[in-house]
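Enquirer: Attaching a predicted model along with its sequence, questions to come.
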Amino acid sequence: MPNHLYEVIEQTARDLYIRALTDIPPDVRTALRDGLAAEQRGGNKTAEGVLFTILRNIDVADETSTLVCQDTGLPVFSVKAGTGLALDYAEVKARLRRGCERATSEYPLRSNTVHPLTRKPTGTNTGEGLPVVKFEFVPGSSVLEITIAPKGSGSENMSFLKMLNPADGTKAVKRFVIECVFESGARPCPPIILGVGVGGTSDLAMQLAKQASCFRTIGSANADDAVAELEKDLLSLVNRTGLGPQGLGGETTALAVHVEWAHTHISQLPVAVNVQCWRGERARAVIDADGKVTS
Amino acid sequence: MAHHDLTTPLSEADVRQLKLEDTVSLSGVIFGIRDATQIRIFDEGVPPPVSMEGGVCLHTAPGVRKLPDGKYEKISIGTTTSTRMDRFVPGLIGQYGVRAVIGKGGLLAGSVEAMQKLGGVYLAIVGGAAALETLQVEEILDVWWEDLMPECFWKFRVKDLGPLIVAIDSHGNSLYQRIKDEAAERIRSFEY
């Protein structure tokens, strides 16, 4: 594999980190505008004001090329790698990390990363175990698809896991998710994008929840009918809580509820919840075998 | 839901007039503080480097660039979740005379009580809206405790910061608590 492809990967990681923090994805913008329209119809002036400010903030970020939010997050990558590319994935991972470090020093981005106990900063937005990189290998493909979600902390602190009793069924799943939303309240910057992982093992459920909150297109439905129905029911329930934008009341508590699932053990029902804030920051690029990058 | 244009420093009368869901645009000088800043003040017993009497605090750790002359240029100034720093609020108001805290995510019962007793308010800014907030912070005037970067003690000049929403007033009312109580009531009626 030509060496320059690794250079392209590093540069792309750098650019994606900055793009995700400055340019809100179109599906998130649409959902926020729909939220504003709903609050206008409902006549809640505070909720309308909050959503209006959010949309104005996105415009200001567009016009001034500045960060939408000051929280530059922890970089989380989802990488779909075509098996037609014979890449050294240790090197790919190193280049993704280097790209984040370059974005941090060159932009410059605020660095958030510290040792969990001593709280000593690394200054690079990378460190032990960071960035988080999840690889998925795609047979028959010869492109590398990289998506970054620089995950903000206000929402990431609202993460939950419970191993439910299978005998309590889907009702227990819904009850737990609503408890999590209530517990989170105003803290994760609602309107939120709610990610739920159902099934698998405990760690897989958390991964699925992150996939659901950060990497799905807003409002897309799960391919599994039962799961898609759960998404619809949960969205309706979450928005009936009335917590609203910023937890100050209103109809728009969540822009979307996404559920990802895996098969699980006969005696298990793991449910994980991961919350994404209204910013829904994410940026994606595809690199082909010649090193050509498309967004 | 009245709108108020206020200028710092704030008097007790300035904050006592504010009612839940009123909006405020704030001009003047505000202090930027975060977890580490307040751990130094309250847990390590180091007094703030300047008087905070009649002052306004913003829960923030800004993204900045240091210039050759030692001053700081703003890159992105936004707001962090206040709830984490709830335990410091009664001290800010009671010991140091702070009149308003600007943040997102809200504060808990102890802070609501302190604000009622001593005359303070919590002004909610829209969390995540840092592009707008960065425009409204005109200048970084001063910085102390740079070893805590980015959680230093910052002094900003702001113009028409907002719209800020009065989410905890000085009369014992919290919009967060009201909305949570109503949500709890609704959730009790949910059929799963």
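Expert: Everything's here; your move.

Enquirer: and whichever residue of chain B sits closest to chain A, backbone torsions?
Expert: Nearest residue of chain B to chain A (Cβ to the nearest Cβ) works out as residue B:78 at 3.1 Å. No exception for glycine: its C-beta is placed from N, CA and C like everyone else's. Here is the backbone geometry of residue B:78 (degrees, to the nearest 10): phi -130, psi -170.

Enquirer: What number of residues are in the vicinity of it?
Expert: Look at residue B:78: counted by other Cβ atoms under 10 Å in any protein chain shown, it has 30 neighbours.

Enquirer: Isn't it up against residue A:71?
Expert: Yes. Between residue B:78 and residue A:71 there is a contact at 6.7 Å, judged by Cβ atoms under 8 Å.

Enquirer: Now for the two: what residues contact both?
Expert: The overlap between the contact sets of residue B:78 and residue A:71 (Cβ atoms under 8 Å, 6 or more residues apart in numbering or on different chains) consists of residue B:128.

Enquirer: doesn't residue A:103 make contact with residue A:18?
Expert: Yes. The pair residue A:18 / residue A:103 is scored as a contact, 5.3 Å apart, by Cβ under 8 Å.

Enquirer: Now do the contacts for residue B:149.
Expert: Applying Cβ under 8 Å, 6+ apart, no residues qualify as near residue B:149.

Enquirer: If we use 10 Å, what do you get?
Expert: A:110, A:111, A:121, A:123, B:36, B:61, B:62, B:64, B:66, B:72, B:143 (Cβ atoms under 10 Å, 6 or more residues apart in numbering or on different chains).

Enquirer: quick one, longest strand in chain A?
Expert: In chain A, with assignment by DSSP state E, the single longest strand is strand A:254-264.

Enquirer: Just the CA trace of that one, in PDB.
Expert: C-alpha atoms of strand A:254-264 as PDB (Å, rounded to 0.1, in the frame of the first residue of the first chain):
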ATOM      1  CA  ALA A 254     -35.400  14.700  22.100                       C
ATOM      2  CA  LEU A 255     -34.800  15.200  18.300                       C
ATOM      3  CA  ALA A 256     -34.700  11.500  17.800                       C
ATOM      4  CA  VAL A 257     -34.500   8.100  19.600                       C
ATOM      5  CA  HIS A 258     -32.300   5.500  17.900                       C
ATOM      6  CA  VAL A 259     -32.000   1.900  19.100                       C
ATOM      7  CA  GLU A 260     -29.300  -0.500  18.000                       C
ATOM      8  CA  TRP A 261     -29.500  -4.100  19.000                       C
ATOM      9  CA  ALA A 262     -27.700  -7.500  19.200                       C
ATOM     10  CA  HIS A 263     -28.800 -11.000  20.100                       C
ATOM     11  CA  THR A 264     -28.200 -11.700  23.800                       C
END
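
Enquirer: That strand pairs with which strands, parallel or anti?
Expert: Counting by DSSP bridges, the strands paired with strand A:254-264 are strand A:192-200 (parallel).

Enquirer: Buried residues in the helix or strand following the strand it pairs with, which are they?
Expert: Remark: after strand A:192-200, the chain's next helix or strand is helix A:202-214, criterion DSSP states H and E. Judged by neighbour count using 16 or more other Cβ atoms under 10 Å in any protein chain shown, the buried positions of helix A:202-214 are A:204, A:205, A:206, A:207, A:208, A:209, A:210, A:211, A:212, A:213, A:214.

Enquirer: what packs against helix A:202-214?
Expert: strand A:74-82, strand A:132-138, strand A:144-151, helix A:153-156, strand A:159-164, strand A:192-200, strand A:254-264, strand A:269-276 (3 or more Cβ pairs under 10 Å, 6 or more residues apart in numbering or on different chains; DSSP states H and E).
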